[in-house]
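Student: Pasting the sequence and the predicted model now:
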Amino acid sequence: MFKMASRNAFTIPIFVLYCFTTFFSLTTSKSTIEPCSNSDTCSALVGYTLYTDLKVSEVASLFSVDPISLLLSNSIDISYPDVENHILPSQLFLKIPIPCSCVDGIRKSSTTSYKTRPSDTLASIATAVYGGLISADQINEANPDAGISDPSVLNVGTKLNIPLPCTCFNNSDNNLPAIYMSYVVNPVDTLSGIAARYFTTLTDLMNMNQLGSPAIKEGDILAIPLSACASKFPEYALDYGLFVSNGSYAITASHCVQCSCGPGSRNLYCTPASLAVSCSSMQCRSSNLMLGNVTTQQSSAGCNVTSCSYGGFVNGSITTWLSSSLQPRCPGSQQFPQLIAPPTVVPDSLFSPAPSPSEAGGFPTTNPKSSVVPSSGAGIGFPPANGPAGSASGTSDARALMNNLYSFSFLLTLGLVFKFLLSIPL
């Protein structure tokens, strides 16, 4: 009798632990974490759905990024008047460019900060404002000096560090240039659907995110590789390590140089930006060519191609280099990713992502400054899984409902556990 009681006394706690572990494994969101041990920084993206109508400058401030960089990462035309004050619609999906650093042994972006407002709580900041890219506990842990004793009561005006999830993975995917986007899974997302949307494979996503099966759930944060163009600037250049996702643009050199990637190519192409700012010379030495200019001359041996390319931003100056090569045939006109007008509404249908560089054809040549043709694959997106557009309160209500369901499930499971325990003879 004594032995039987001892065995039950040992078995019951194990069973309870198993039940709790099983329950929390079903309800806790997963996030891909990349360990690191160096101090280098890479280009990265986070996918973000606006929780309410916001100005371009407000979204940029939310993530501590440059408004022009934000627009160009989503192939939005920056030539529109007062574009930084343009109001973007709620539920619009954007790619936010962020630097990804090594902090406490893992990859994260540590440059984002947030100033608390009336009625803010850590939970509302994490869930509503930042769309689940971070948890309330992570915000609390990142701000030990903020004096937060109650996460539901915050002093107005408190500056909080917001460590956003990001990955570098050597800016490579299957030995090709890539930039990684941290993506929060939506309720109707499937892993195969996400793979198709971003021109990758189910196997690649599973390997990259260390998934044992294709099963994902709302709130999981995935690292998604996007094909990209890599820069070849020297390490001492201020914009060393610049990567631009295919079908989009980047601004650099104090808003003087605009670089694009694709379509149909993995070669970064840089030209003078259209913004009215004071810039250093962009002419290549010993030539009449300016940055971005290309000349061709057909000969019996092939085509002589001479180009003036961007070499990085060094000590406040724009560096250029002149190159000449003999190619079998003369290249066609440079193709640019198509730009879209600053969005005012969220369309019913999704825009598909940028075409893969390996795809034949591509977009017709356009003028990046004036083109406002809707992109068939630029960086901007819309509710990623064709989810319904709605207000921030609608999203919060939905999440609150899910939390209530989880709480009910937990109480039901707990009740069944205790009922089982009471039925076991000691």
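Tutor: In hand now; what should we look at?

Student: which stretches of this protein form helices?
Tutor: All helices of the chain, identified by DSSP state H, fall at 2-27, 56-62, 67-73, 122-124, 136-142, 191-197, 202-208, 392-423.

Student: Quick one: neighbours of A196, just the number.
Tutor: Look at A196: counted by other Cβ atoms under 10 Å, it has 14 neighbours. Every residue, glycine included, has its C-beta placed from N, CA and C.

Student: ok, now Y80?
Tutor: Using other Cβ under 10 Å, Y80 is surrounded by 13 other residues.

Student: shouldn't it be in contact with I68?
Tutor: No. Contact status for Y80 versus I68: not in contact, 11.8 Å apart, counting by Cβ atoms under 8 Å.

Student: Show me the longest strand that occurs in the protein.
Tutor: The strand that spans the most residues within the chain, counting by DSSP state E, is strand 302-314.

Student: export it as PDB, just CAs?
Tutor: Once non-C-alpha atoms are left out, strand 302-314 reads as follows in PDB (Å, rounded to 0.1, in the frame of the first residue of the first chain):
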ATOM      1  CA  GLY A 302      31.100  42.900 -79.300                       C
ATOM      2  CA  CYS A 303      29.800  45.800 -77.300                       C
ATOM      3  CA  ASN A 304      32.000  48.200 -75.400                       C
ATOM      4  CA  VAL A 305      30.100  49.200 -72.300                       C
ATOM      5  CA  THR A 306      31.200  52.100 -70.100                       C
ATOM      6  CA  SER A 307      29.400  53.000 -66.900                       C
ATOM      7  CA  CYS A 308      29.600  55.400 -64.000                       C
ATOM      8  CA  SER A 309      28.600  53.600 -60.800                       C
ATOM      9  CA  TYR A 310      28.100  54.400 -57.100                       C
ATOM     10  CA  GLY A 311      31.000  53.400 -54.800                       C
ATOM     11  CA  GLY A 312      29.600  54.400 -51.300                       C
ATOM     12  CA  PHE A 313      29.300  57.400 -49.100                       C
ATOM     13  CA  VAL A 314      32.700  58.100 -47.600                       C
END
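
Student: Quick check: buried residues in it?
Tutor: Neighbour-count burial for strand 302-314, with 16 or more other Cβ atoms under 10 Å as criterion, is recorded at 305-314.

Student: same question for stretch 287-301, mean pLDDT?
Tutor: Taken as a whole, stretch 287-301 carries a mean pLDDT of 94.

Student: same thing with stretch 185-194?
Tutor: Confidence over stretch 185-194, taken as the mean pLDDT, stands at 96.

Student: least reliable of the helices of the chain going by mean pLDDT?
Tutor: helix 2-27 (a mean of 42).

Student: per-residue confidence for the closest residue to M206 other than its chain neighbours?
Tutor: Closest residue to M206 apart from its sequence neighbours, by Cβ to Cβ, 6 or more residues apart in numbering: P214 at 6.6 Å. Looking at P214, its pLDDT stands at 96.

Student: For P214, give me its contacts.
Tutor: P214 makes contact with 190-192, 202, 206 under the criterion Cβ atoms under 8 Å, 6 or more residues apart in numbering.

Student: got the buried residues for stretch 226-233?
Tutor: If you call a residue buried by 16+ other Cβ under 10 Å, then stretch 226-233 has these buried ones: 226-231, 233.

Student: That stretch: how far from the chain's middle?
Tutor: In terms of Cα atoms, centre = their mean, to the nearest Å, the gap separating the centre of stretch 226-233 from the centre of its chain is 15 Å.

Student: CA-only coordinates of that stretch in CSV, if you can.
Tutor: Backbone C-alpha positions of stretch 226-233 (Å, rounded to 0.1, in the frame of the first residue of the first chain) are rendered in CSV as follows:
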residue,chain,number,x,y,z
LEU,A,226,13.3,38.2,-49.9
SER,A,227,15.5,38.2,-53.0
ALA,A,228,17.7,41.2,-52.9
CYS,A,229,20.6,43.2,-54.6
ALA,A,230,23.8,43.5,-52.6
SER,A,231,26.1,46.5,-52.5
LYS,A,232,29.8,46.2,-52.9
PHE,A,233,30.9,49.3,-51.0
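
Student: Residues touching it, excluding its own?
Tutor: Applying Cβ under 8 Å, 6+ apart, the contact partners of stretch 226-233 are 45, 171, 173, 176-181, 198-199, 239-246, 259, 261-262, 265-269, 311-313, 353-354, 356-357.

Student: Tell me which of the residues you listed fall in strands.
Tutor: If you go by DSSP E, the contacts of stretch 226-233 have 45, 173, 176-181, 243-245, 259, 269, 311-313 in strands.

Student: now the spatially closest residue to A136 that is not a sequence neighbour: how far from K108?
Tutor: Nearest non-adjacent residue to A136, counting by Cβ to Cβ, 6+ apart: L122, 3.8 Å away. As judged by Cβ to Cβ, to the nearest Å, L122 and K108 stand 17 Å apart.

Student: picking up where we left off before, let me see the contact set for the residue nearest to A136.
Tutor: Contacts were defined as Cβ under 8 Å, 6+ apart; by that measure L122 touches 136, 139-140, 148, 151-152, 154.

Student: swap the cut-off to 7 Å and go again
Tutor: Neighbouring residues of L122 by Cβ atoms under 7 Å, 6 or more residues apart in numbering: 136, 139-140, 151.

Student: residue ranges with poor pLDDT in the stretch 251-400 of the chain?
Tutor: 348-400 (pLDDT under 70).

Student: Count the neighbours of the residue nearest to N85 when sequence neighbours are not counted for me.
Tutor: In space, not counting the residues next to it along the chain, N85 is nearest to K55; the distance is 5.4 Å by Cβ to Cβ, 6+ apart. As a burial measure, the neighbour count of K55 was computed by other Cβ under 10 Å and equals 14.

Student: now the strands: where do they sit in the stretch 201-350 of the chain?
Tutor: The residue ranges that make up the strands of the stretch 201-350 of the chain, judged by DSSP state E, counting those that start in this stretch, are 221-230, 243-245, 249-252, 257-260, 269-272, 294-299, 302-314, 317-327.

Student: so the longest one versus strand 317-327, what angle?
Tutor: Read it as strand 302-314. When axes from the mean of the first three to the mean of the last three Cα atoms, to 10 degrees is applied, the directions of strand 302-314 and strand 317-327 differ by 160 degrees.

Student: Now do strand 302-314: which elements does it pack against?
Tutor: strand 294-299, strand 317-327 (3 or more Cβ pairs under 7 Å, 6 or more residues apart in numbering; DSSP states H and E).

Student: And the first one, what's buried?
Tutor: I take that to be strand 294-299. Judged by neighbour count (16+ other Cβ under 10 Å), strand 294-299 contains these buried residues: V294.

Student: Could you list the paired strands of it along with their orientation?
Tutor: Here the strand partners of strand 294-299, with direction, are listed using DSSP bridges: strand 302-314 (antiparallel).
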